[in-house]
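Visitor: Starting from these lines, generate the structure:
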Amino acid sequence: MTCRIKLTLGLFVAVFCSFSLFPQNASAQDQPDHVVTSADLQTDVSQAAKVRQQQIAAIDKFLSSDRAKQTLKTANIDYSVVHNGVASLSDDELARLSARADKAQKDFAAGSLTNEQITYIIIALATAVIILIIVH
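Guide: Numbers count the residues shown, from 1 in each chain. Just a heads-up that it's a prediction; the model follows:
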């Protein structure tokens, strides 16, 4: 092999290696769209915590009324056990129970439920919380 061919081949290998060692799109602006920023994660976590607190408040509002406390007392269900147990529910369980509590409260306020029906709903909701606590 002549010196000129060796030099050309060496130059070709050097250029090829430099292209593979230094990527063309190395800037931060060229990151893929699927990368989630820490700000997005923080916003999502903050929003989830806010929703969870609203759901806990909805259940607590429903169960802390005088009527609910009296119903729980009559059924020999300790309000403090139910109240403290609500916070330990999973997000799905909390969402389901808060939706039921909210619907029952609205139905009762609208006159759609009788006193007996609301009593059963209070007992059922408290029992569900206790059962879910026990299962966990």
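Visitor: The longest helix along the chain: which residues count as buried?
Guide: The residue-count maximum for a helix in the chain (DSSP state H) belongs to helix 38-63. Of all the residues in helix 38-63, those buried under the rule 16 or more other C-beta atoms under 10 Å are 52, 55-56, 58-59, 62-63. C-betas here are computed from N, CA, C, even on glycine.
Visitor: Could you count how many residues lie near residue 108?
Guide: 18 (other C-beta atoms under 10 Å).
Visitor: Can you name the helix or strand that the nearest residue to it once chain neighbours are set aside falls in?
Guide: Nearest residue to residue 108 in three dimensions, chain neighbours excluded: residue 118, at 5.0 Å (C-beta to C-beta, 6 or more residues apart in numbering). Applying DSSP states H and E as the criterion places residue 118 in helix 115-135.
Visitor: Identify the residues contacting that helix?
Guide: For helix 115-135, contacts defined as C-beta atoms under 8 Å, 6 or more residues apart in numbering pick out 59, 62-63, 67-68, 71-72, 75, 77, 81-82, 85-86, 88-90, 93, 97, 100-101, 104, 108, 113.
Visitor: if you set the cut-off to 7 Å instead, what comes out?
Guide: Helix 115-135 has contacts (C-beta atoms under 7 Å, 6 or more residues apart in numbering) with 63, 68, 71-72, 75, 77, 81-82, 85-86, 88-89, 93, 97, 100-101, 104, 108.
Visitor: Would you mark the buried spots in it?
Guide: Here helix 115-135 shows 118-119, 121-123, 125-126, 128-129, 132-133 as buried, counting by 16+ other C-beta under 10 Å.
Visitor: From those residues, pick the one nearest residue 36.
Guide: Distance ranking of those against residue 36, using C-beta to C-beta, places residue 132 first at 31.3 Å.
Visitor: What separation is there between the closest one and residue 53?
Guide: 18 Å (C-beta to C-beta, to the nearest Å).
Visitor: Residue 96 too?
Guide: 17 Å.
Visitor: Just the angle for the helix holding residue 118 relative to helix 38-63, thanks.
Guide: In terms of direction (axes from the mean of the first three to the mean of the last three C-alpha atoms, to 10 degrees), helix 115-135 departs from helix 38-63 by 130 degrees.
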